[in-house]
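*Asks:* Let me see the structure of the following:
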Amino acid sequence: MTTYAAAHPWEDWAETWAHYLHMTDTLETAAACGVSIRPRRRDEPALARVPAAAGSPDAAFDWLMASWYPLTYVLNNLNRGLGVPDAYPFVLSQPAIEKLRFVHDVIAASAATAEPVPPPNRTAAAGAAVPPSPPSPPAPRR
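*Replies:* Now for the predicted structure:
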C-alpha cells in the first residue's frame with residue numbers, strides 16, 4: 001500500500017483492508033460475468049476460472065493472488081487499448097501480499113469463531129406493533 005500508510009499503522013490497516021475488498025469484489029464480479037483468460041501467447045498469464053467466492057473465508061488466499069494477477073493484466077491491457085490509464089497501476093510487493101494475507105486470515109478466523117446471527121423476527125413480539133411495510137412506488141405514467 002502507500003508509503004504514508006507504512007508509517008502509520010491504522011492507515012496501513014485501512015489501506016490493506018480496502019485493497020483486499022477491492023480485490024475480492026473485482027474477482028467475484030469477474031466470476032459472475034464468466035470471465036476466463038486464454039491468451040494466444042504462452043508468455044501471457046492465463047486464468048481458467050475465477051474464484052466465485054473470492055470474499056469467502058473458505059477461499060484459499062494463494063488462489064486469490066494467483067487469480068488476481070491475470071485479471072489485472074487483462075484490465076490494464078484493455079484500458080491501454082482505449083488510451084486510458086491502467087485500472088490497476090500497482091505492483092504488489094511481498095510485504096504488501098503478506099499484509100493482504102493477514103487480512104484474509106483475520107476474516108477466516110473471525111468466521112470460524114462467529115456465532116450465526118438469526119434472521120430478524122418479523123412478527124410482533126409480546127403485543128408490540130409491527131411497523132407497516134413501505135408503500136410500493138407508483139406505476140410509471142404513460
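
*Asks:* When you work out contacts or count neighbours from here on, use the C-alpha atoms and nothing else.
*Replies:* Noted.

*Asks:* the longest helix in this structure is where?
*Replies:* Determined from DSSP state H, the single longest helix within the chain is helix 9-32.

*Asks:* Run the chain-centre distance for it.
*Replies:* How far helix 9-32 lies from its chain's middle: 5 Å, per Cα atoms, centre = their mean, to the nearest Å.

*Asks:* Quick one: mean pLDDT over it.
*Replies:* Across helix 9-32, the average pLDDT comes to 91.

*Asks:* Grab the most central residue of the protein for me.
*Replies:* Thr24 (2.1 Å; Cα atoms, centre = their mean).

*Asks:* Identify the residues contacting the nearest residue to Asn79 once chain neighbours are set aside.
*Replies:* The shortest distance from Asn79 to any non-neighbouring residue, by Cα to Cα, 6 or more residues apart in numbering, is to Asp86 (5.8 Å). Going by Cα atoms under 8 Å, 6 or more residues apart in numbering, Asp86 touches 75-77, 79-80.

*Asks:* ok so, going back, what residues sit buried inside the longest helix of the chain?
*Replies:* 12-13, 15-17, 19-21, 23-31 (16 or more other Cα atoms under 10 Å).
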